[in-house]
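Colleague: My questions are about this predicted structure, shown below with the sequence.
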Amino acid sequence: MTRPPFFYCSELSRGFAEKTYGTASVGDVWLLVEYPFWWASKAFQDSHLSPAVKSHLNRFLKSIPRSRLLFIKRDRLSRSGEFHAFVVRCRERDPQIIQFRIKAYEELREIDLAGIARGSGVEALAAGVIRERPLYLICTHGKRDKCCAKFGYPLYKSLSAQDTSVWQSSHVGGDRFAANLVCFPHGLFYAHMTLEMSRHVIAEYESRRVVLDKYRGRACYSYPAQAAEYFIRTEGRIEGLDALRQLDCARTGEKSWRVRFAAGEGLQEETVYEAQVRNVMSDFQSYNTCHAAEAKSVPQYLLDDYSVTSMGI
């Protein structure tokens, strides 16, 4: 495939009808820091945060497995001059958003972020509040990839005009899926969002249902488990946000897994959904980012087997 002189990787992905499930960025804990200034390609590393603050945040990321840091911002600065920070615990059950307001980034050093992430930062938690409303992030990180500016920023502008829970975000992963939408605290990822689709996803999410169209997956699951969740929800016509809980994910081959989810709260029995998924490379070749030098095949998941059983508890 000859590299075209100009293209948008997101348009190529849509043109190939790339399957999006099994592609959500994996993370159990997400630290969101409002940074309403210019974002370089490496937003955090090249920011003007002091070396002491950067060291503190890097220690947090190293101490908490599967933790991620994102910069967020809105078009308008707070009149109070304060910045927001959020710790999102993307657990399968009872996920939480803990919100803080700070007047200077140095205050982040005084917050026991690791303790909060583990659920043990009682004193630090007292300085914040548990946020009841969801947060919605749209990647607009144009310096990272032009697709995020081209498709993400207009979507952010339209959604944020009527919803203050919508924020711009630095790179969330998956440039070719722009416009990317992330629903916190559950960490649901969506690809190739339009304004109409986004409104539908948000409305359903707030009604505690999962939309499967353009679904990338849930951040607390591994990639194979994300794909299995999609297939199980599709085959079983399961929409409820809390309708499934993962039992296990076992490798059965070099690129195949058996994933089991359970549903049902009955005392006598529970329903177990099992999906055998396999990872293959796509027949088509595309550019994963707008900066990619060559086109490559992309991983896609297939459903090899699906079963439903009832088991006594």
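Modeller: Happy to help now that I have it. Values in this document were obtained by computation on a predicted structure and should not be read as measured data. Numbering: from 1, shown residues only.

Colleague: Surely Arg258 is in a strand?
Modeller: Yes. Counting by DSSP: H, G, I helix; E, B strand; the rest coil, Arg258 is part of a strand.

Colleague: how close does it sit to Arg68?
Modeller: 28 Å (C-beta to C-beta, to the nearest Å). All C-beta spots, glycine's among them, are computed from the backbone N, C-alpha and C.

Colleague: Over to Asp145?
Modeller: From Asp145 over to Arg68 the distance is 17 Å, taken as C-beta to C-beta.

Colleague: Of those two, give the one with the bigger neighbour count.
Modeller: Here Asp145 and Arg68 are compared on neighbour count by other C-beta atoms under 10 Å; more neighbours surround Asp145, at 25 against 20.

Colleague: List the contacts of the residue nearest to that one when sequence neighbours are not counted.
Modeller: Once flanking residues are discounted, Asp145 sits nearest to Asp175: 3.7 Å by C-beta to C-beta, 6 or more residues apart in numbering. By C-beta atoms under 8 Å, 6 or more residues apart in numbering, the contact list for Asp175 reads 9-10, 144-145, 147-148, 288-290.

Colleague: Can you report phi and psi for Asp175?
Modeller: When read as degrees, to the nearest 10, the backbone of Asp175 gives phi -60, psi -40.

Colleague: and what of Val29?
Modeller: phi -130, psi 130.

Colleague: Quick check: pLDDT value at it.
Modeller: Per-residue pLDDT puts Val29 at 97.

Colleague: Count the residues that sit near it.
Modeller: 25.

Colleague: Make sure it is actually in contact with Ser63.
Modeller: No. Look at Val29 against Ser63 with C-beta atoms under 8 Å: they stay out of range, at 10.4 Å.

Colleague: separation between the nearest residue to Val88 once chain neighbours are set aside and Lys143?
Modeller: Leaving aside its sequence neighbours, Val88 sits nearest to Trp30 (C-beta to C-beta, 6+ apart; 4.2 Å). Distance from Trp30 to Lys143, counting by C-beta to C-beta: 21 Å.

Colleague: So which of those two has more stuff around it?
Modeller: Remark: of Trp30 and Lys143, Trp30 carries more neighbours, 27 against 16, as counted by other C-beta under 10 Å.

Colleague: So which residues of the stretch 101-250 of the chain form helices?
Modeller: Applying DSSP state H, counting those that start in this stretch to the stretch 101-250 of the chain gives helices spanning 113-118, 122-126, 146-147, 153-160, 195-206, 223-236.

Colleague: will you turn the ones you listed into CSV that also has mean pLDDT, mean neighbour count and distance to Glu274?
Modeller: Shown next, in CSV, are those (pLDDT from 0 to 100; neighbours: other C-beta atoms under 10 Å; distance: least, C-beta to C-beta, whole Å):
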stretch, mean pLDDT, mean neighbour count, distance to Glu274
helix 113-118, 90, 20, 32
helix 122-126, 51, 13, 38
helix 146-147, 97, 24, 36
helix 153-160, 97, 19, 37
helix 195-206, 98, 16, 26
helix 223-236, 98, 22, 8
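
Colleague: closest one to Gly15 among the ones you listed?
Modeller: helix 146-147 (13.1 Å; C-beta to C-beta).

Colleague: which secondary structure elements does that closest one contact?
Modeller: helix 9-15 (3 or more C-beta pairs under 8 Å, 6 or more residues apart in numbering; DSSP states H and E).

Colleague: Output the helix it packs on in PDB with nothing but the alpha carbons.
Modeller: Provided in PDB are the C-alpha atoms of helix 9-15 (Å, rounded to 0.1, in the frame of the first residue of the first chain):
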ATOM      1  CA  CYS A   9      -6.000   7.500  10.000                       C
ATOM      2  CA  SER A  10      -9.400   7.600  11.500                       C
ATOM      3  CA  GLU A  11     -11.000   7.900   8.100                       C
ATOM      4  CA  LEU A  12      -9.000   4.900   6.900                       C
ATOM      5  CA  SER A  13     -10.100   2.800   9.900                       C
ATOM      6  CA  ARG A  14     -13.700   3.700   9.300                       C
ATOM      7  CA  GLY A  15     -13.300   2.900   5.600                       C
END
